[in-house]
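Chemist: Pasting a predicted model and its sequence here:
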Amino acid sequence: MRNVNPFLCKKGYYVTEQHFMDVPGDGYKMVSSTDLRGPFKTLERAQQVFNSMFTIEDWNMGIRGPEHDTQNNGYNTIWYPTVQRGSY
């Protein structure tokens, strides 16, 4: 396991634990993350590994990868869906 700046990721996908806490004056925020598995070459492979490790109730786990525009709406994120499209 390792702690890295997730925004520096330019390629690959990682199964990641997200660490949240109440930040005074700013609310409940993610303050750090720890990569548990990866890198994986494809999002689909990362999703397979994620789903073999965790259930949907593990809300503080996620998949991160290169920054992308979600749904082409102008909002960039490094977080990806943990289930494959059409499987939910």
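Modeler: Done, it's in.
Chemist: Roughly how far does A46 sit from P66?
Modeler: The gap separating A46 from P66 is 12 Å, by CB to CB, to the nearest Å. (Each C-beta comes from the backbone N, C-alpha and C, glycine too.)
Chemist: Show me which of these two is the more surrounded one.
Modeler: Counting neighbours by other CB atoms under 10 Å for A46 and for P66 shows that A46 has the greater number, 24 against 13.
Chemist: what sits against that one?
Modeler: Contacts here follow CB atoms under 8 Å, 6 or more residues apart in numbering; on that basis A46 touches 13-15, 38, 40, 63, 65, 80.
Chemist: Longest strand in the chain, by number of residues?
Modeler: strand 27-40 (DSSP state E).
Chemist: in it, what's buried?
Modeler: For strand 27-40, burial by neighbour count (16 or more other CB atoms under 10 Å) applies to 33, 35-38, 40.
Chemist: Please report how far the closest residue to V23 other than its chain neighbours lies from E67.
Modeler: Distance criterion CB to CB, 6 or more residues apart in numbering; nearest residue to V23, sequence neighbours excluded, is K29 at 4.9 Å. Distance, K29 to E67, using CB to CB: 18 Å.
Chemist: One more: F20?
Modeler: F20 is 20 Å from E67, by CB to CB.
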